[in-house]
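Undergrad: A structural model of the following input is requested.
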Amino acid sequence: MPKNEKEKKKPERAKIEQHKVFELWSKSGGRCEFKGCNKELWQEGLTSTKVNTSNIAHIIAASEDGPRGDKILSPKLAKDVSNLMLLCKEHHHDIIDKALVDIYTVDVLRKMKKEHEDRIRIVTNIKPDKKSKILIYSTKIGKRAVHLNEENIANTLLPEKYPDGDIIRLNIETPWSDNNDENNFYWDIEVKNLNDQFRTKVKPYLDDNTIKHLSIFAMACQPLLIYLGYLIGDVIKAEVFQPNRVSQEEDWKWQKDYDAANFIVDKPKTFYRKTPALSLSLSGSINHDSIKKVLGQDCDIWTISALEPNPNIIKAKNQLCAFKEYVRKVLDEIKNNYQPGTFLNVFAAMPVSANVEFGRLILPRADMPMKIYNLNDKSTEYKHAITINNKEEN
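TA: Okay, the predicted model is just below:
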């Protein structure tokens with residue numbers, strides 16, 4: 001039989017209706033759905049000429065003798081959008097190569113399609129009023145440099161929020177960073193640097209009300225995290241994120257469906273009413289003797305702790321909100337038991353988010369002045385680090 005006779009008897013592939021093509025283009029965002037490609041398919045890459053560079057590929061082949069073909073499913077799914085992928089020419093060539101079908105299996109391609117189309121749906125569903133300005137703050141912790149992955153951070157906002165323009169970076173490394181908190185000047189210099197950067201990079205946005213929402217990602221020594229929260233305050237709407245230390249990768253997404261953490265408030269058994277201390281024992285337990293070693297035996301120690309303190313004590317938003325409610329009540333009660341101008345001495349062992357939110361809760365005109373202490377890694381003793389809300393210095 002002549003070759004052209006065979007071609008005549010070969011069944012033609014069913015044509016995909018135009019409305020289904022439009023649906024596929026919409027779900028894919030007009031981009032290649034092959035994982036890691038994301039190439040725009042409405043223009044030529046080199047010259048930017050507006051031209052359709054897409055190929056429509058079948059996950060299960062349109063014919064049973066095609067790549068990943070199936071006698072029953074091939075004709076059934078030949079025009080089904082769930083079985084179609086929008087691809088660039090290069091990746092279309094890869095997945096129809098029969099030598100590569102063991103690599104590009106049905107399950108692998110379906111996963112690629114789902115991940116891509118889920119991402120497009122999430123991004124395009126975001127409303128204009130959901131934008132948030134990202135603020136990143138990091139310093140060395142001890143001698144360890146901290147570098148936060150900005151791509152992971154930006155993706156953390158989705159789908160509830162989306163990044164609003166450029167990221168505000170308060171990444172501070174000073175010559176004192178390696179010397180850390182052993183030096184008496186360390187905290188003064190770090191506070192000055194943070195103040196200077198906050199004044200030039202953040203405050204202008206707050207003053208002219210151009211930021212409607214702030215997303216805060218921070219990694220630094222605890223006193224500096226508290227001070228950052230104090231600078232930001234509670235006037236602007238903000239969300240403080242917590243690094244997920246359970247995950248193997250850097251992950252800042254809040255977990256869901258966690259019961260609200262049960263915090264415990266312990267009040268002083270004896271009131272000397274001179275030197276109040278607040279122990280915030282969430283990620284670890286703070287020994288009262290270590291506080292008395294700094295403040296003396298006649299200090300009044302107030303404690304907010306957890307049943308089982310650990311670094312992952314706060315995993316979900318509702319847990320952080322519960323912590324803030326406890327803190328606000330305790331701060332008010334402490335203030336009512338001491339003379340105006342009395343300093344509250346704060347000793348913290350808390351996750352990142354709790355430190356920043358504690359700082360945001362401090363009311364400049366209403367709350368007590370505070371001395372924030374830091375546990376020195378080498379001496380294993382608490383030392384005064386930062387003073388906050390001292391009205392005599394304002």
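Undergrad: the helices in the stretch 51-200 of the chain, which residues?
TA: With DSSP state H, counting those that start in this stretch as the definition, the stretch 51-200 of the chain shows helices at residue ranges 73-77, 89-96, 106-125, 150-156, 186-201.
Undergrad: which parts of the fourth one are buried?
TA: Of the residues in helix 150-156, those with enough neighbours to count as buried (16 or more other CB atoms under 10 Å) are 153, 156. No exception for glycine: its C-beta is placed from N, CA and C like everyone else's.
Undergrad: what sits up against that helix?
TA: Contacting residues not belonging to helix 150-156 are listed as 134, 136, 163, 167, 215, 217, 241, 249, 250, 251, 252, 253 [CB atoms under 8 Å, 6 or more residues apart in numbering].
Undergrad: which one is the fourth one nearest to, not counting chain neighbours?
TA: Read that as residue 167. Excluding its sequence neighbours, the residue lying closest to residue 167 (CB to CB, 6 or more residues apart in numbering) is residue 134, at 4.6 Å.
Undergrad: Contact partners for the one you found?
TA: When contacts are counted by CB under 8 Å, 6+ apart, residue 134 touches 153, 154, 157, 163, 164, 167, 168, 215, 217.
Undergrad: Please tell me how far it sits from residue 238.
TA: 11 Å (CB to CB, to the nearest Å).
Undergrad: Now list whatever residues contact both of those two.
TA: Residues within reach of residue 134 and of residue 238 at once, by CB under 8 Å, 6+ apart, are residue 215.
Undergrad: Near residue 336, how many other residues are there?
TA: If you count neighbours by other CB atoms under 10 Å, residue 336 ends up with 7.
Undergrad: Next one, pLDDT for it please.
TA: Model confidence at residue 336, given as pLDDT, is 96.
Undergrad: so where is this structure shaky, pLDDT-wise?
TA: Per-residue confidence of the chain (counting by pLDDT under 70) places the weak regions at 1-13, 45-46, 48, 142-145, 172-184, 245-250, 379, 392-394.
Undergrad: Spell out which residues make up each domain of it.
TA: Residue ranges for the domains of the chain, per automatic domain parsing: 14-125, 128-240, 263-388.
Undergrad: right, and these - which one's nearest residue 257?
TA: Across the domains of the chain, residue 257 has its closest neighbour in domain 263-388 (7.6 Å, CB to CB).
Undergrad: secondary structure class for the most centrally placed residue in the chain?
TA: Central residue check for the chain by CA atoms, centre = their mean: the C-alpha nearest the mean position is that of residue 252, 3.4 Å away. Secondary structure of residue 252, reduced to three states by DSSP: H, G, I helix; E, B strand; the rest coil: coil.
Undergrad: wait, it sits on residue 239?
TA: No: counting by CB atoms under 8 Å, residue 252 does not reach residue 239; the two are 10.6 Å apart.
Undergrad: What's the local residue count around the residue lying closest to residue 141 once chain neighbours are set aside?
TA: Leaving aside its chain neighbours, residue 141 sits nearest to residue 221 (6.1 Å; criterion: CB to CB, 6+ apart). Applying the criterion other CB under 10 Å, we find 22 residues in the vicinity of residue 221.
Undergrad: ok, now residue 128?
TA: Residues contacting residue 128 under the criterion other CB under 10 Å number 6.
Undergrad: Now for the closest residue to residue 261 other than its chain neighbours, how many residues are close by?
TA: Sequence neighbours aside, residue 319 is the residue nearest to residue 261 in space, at 4.4 Å (criterion: CB to CB, 6+ apart). As a burial measure, residue 319 scores 25 neighbours (other CB under 10 Å).
Undergrad: same deal with residue 267?
TA: Other residues near residue 267 come to 13 when the count uses other CB under 10 Å.
Undergrad: Correct me if wrong: it contacts residue 302.
TA: Yes: counting by CB under 8 Å, residue 267 sits close enough to residue 302 to count as a contact (6.1 Å).
Undergrad: okay, and the common contacts of these two?
TA: Shared contacts of residue 267 and residue 302, defined by CB under 8 Å, 6+ apart, are not found at any residue.
Undergrad: coming back round to it: for residue 209, see how far away the residue nearest to the centre of the chain is.
TA: Distance, residue 252 to residue 209, by CB to CB: 27 Å.
Undergrad: again, but for residue 101
TA: When CB to CB is applied, the distance between residue 101 and residue 209 equals 57 Å.
Undergrad: which of those two has more neighbours?
TA: Set side by side, residue 101 and residue 209 give different neighbour counts by other CB under 10 Å, the larger being at residue 101 (16 against 8).
Undergrad: Skipping adjacent residues, who's closest to residue 100 in space?
TA: The shortest distance from residue 100 to any non-neighbouring residue, by CB to CB, 6+ apart, is to residue 94 (6.1 Å).
Undergrad: Report the buried residues of stretch 336-354.
TA: Neighbour counts over stretch 336-354 (16+ other CB under 10 Å) mark 338, 342-354 as buried.
Undergrad: JSON lines please, covering these and showing secondary structure and distance to residue 366.
TA: Below are those laid out as JSON lines (DSSP: H, G, I helix; E, B strand; the rest coil; distance: CB to CB, whole Å):
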{"residue": "338", "secondary structure": "coil", "distance to residue 366": "14"}
{"residue": "342", "secondary structure": "coil", "distance to residue 366": "14"}
{"residue": "343", "secondary structure": "coil", "distance to residue 366": "15"}
{"residue": "344", "secondary structure": "strand", "distance to residue 366": "13"}
{"residue": "345", "secondary structure": "strand", "distance to residue 366": "19"}
{"residue": "346", "secondary structure": "strand", "distance to residue 366": "16"}
{"residue": "347", "secondary structure": "strand", "distance to residue 366": "22"}
{"residue": "348", "secondary structure": "strand", "distance to residue 366": "21"}
{"residue": "349", "secondary structure": "strand", "distance to residue 366": "26"}
{"residue": "350", "secondary structure": "coil", "distance to residue 366": "22"}
{"residue": "351", "secondary structure": "coil", "distance to residue 366": "26"}
{"residue": "352", "secondary structure": "helix", "distance to residue 366": "25"}
{"residue": "353", "secondary structure": "helix", "distance to residue 366": "23"}
{"residue": "354", "secondary structure": "helix", "distance to residue 366": "21"}
